[in-house]
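Q: Quick check, what structure comes out for this input:
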Amino acid sequence: MTRFYDLDEANALVPELRARCERLREQREDLVAIRDELEIREASPEGAAANAGSSGGTLPDEDDDIRRLRLRMRGLVDQMQAEVVWLDERSVQLRDIPSGLLDVAALVSGRQVWLCWRLGEDRFDHWHELSTGFAGRRPIAELA
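A: Down below sits the predicted model:
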């Protein structure tokens, strides 16, 4: 069930949203870096030999570094999923991790709109129609 926020309720969430978006962004950056490192290691002659015949699982002779990288990736994915679950439980729509773009539903004169926030902003100062997304973002002052 979608929760509808008023502006005060949405703004009260901003400190927690900021912390969670910063963590998600850092976790994503770490995940990308580990993925790149894993690709390099697996492409090396040692990594290729250790993974020969592997279907994605770990082999007894698999390189310890490769195994550690895979475990670290799994841990990061689990952490990111926990952050997304927290947002979902509050009906906060995560739109983009790198920019920390989020939307929350609001009702204005009986119609649903999105209150829009992104990392670096102090409060929910923008909104947009359901159909327009970020490109249709307008100042809250225009919502009245």
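Q: Low-confidence ranges, this structure, go.
A: For the chain, the stretches with pLDDT under 70 are 46-62, 144.
Q: which stretches of it form strands?
A: Using DSSP state E, the strands found in the chain span residues 92-96, 101-108, 111-118, 126-128, 138-139.
Q: Ok, which of those strands comes nearest Leu76?
A: Closest approach to Leu76 among the strands of the chain (CB to CB): strand 92-96, 16.1 Å. Heads up, the C-betas are built off the backbone N, CA and C, glycines and all.
Q: Same question for that closest one: list its buried residues.
A: Neighbour counts over strand 92-96 (16 or more other CB atoms under 10 Å) mark Val92, Leu94, Arg95 as buried.
Q: mind checking which of the strands of the chain is nearest Pro15?
A: Among the strands of the chain, the nearest to Pro15 by CB to CB is strand 111-118 (11.7 Å).
Q: Now distance to Glu83 too, for the buried residues of strand 92-96, in TSV please.
A: Shown next, in TSV, are the buried residues of strand 92-96 (distance: CB to CB, whole Å):
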residue	distance to Glu83
Val92	11
Leu94	9
Arg95	14
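Q: Looking at those, which is nearest Gln112?
A: Comparing these against Gln112 with CB to CB picks out Val92 as the nearest, at 14.9 Å.
Q: show me what contacts that closest one?
A: Counting by CB atoms under 8 Å, 6 or more residues apart in numbering, Val92 touches Leu13, Leu17, Leu102, Asp103, Val104.
Q: Kindly report the same for Ala135.
A: His128.
Q: related to what we said a few turns ago, now flag whichever of the buried residues of strand 92-96 is closest to Leu71.
A: Leu94 (25.1 Å).
Q: So what pairs up with the closest one in the strands?
A: Judged by DSSP bridges, the bridge partners of Leu94 are Leu102.
Q: That one against Val84, yeah?
A: Yes: with contact defined as CB atoms under 8 Å, Leu94 and Val84 form a contacting pair (6.2 Å).
Q: between those two, what contacts are shared?
A: Here Leu94 and Val84 have Leu24 as joint contacts, going by CB under 8 Å, 6+ apart.
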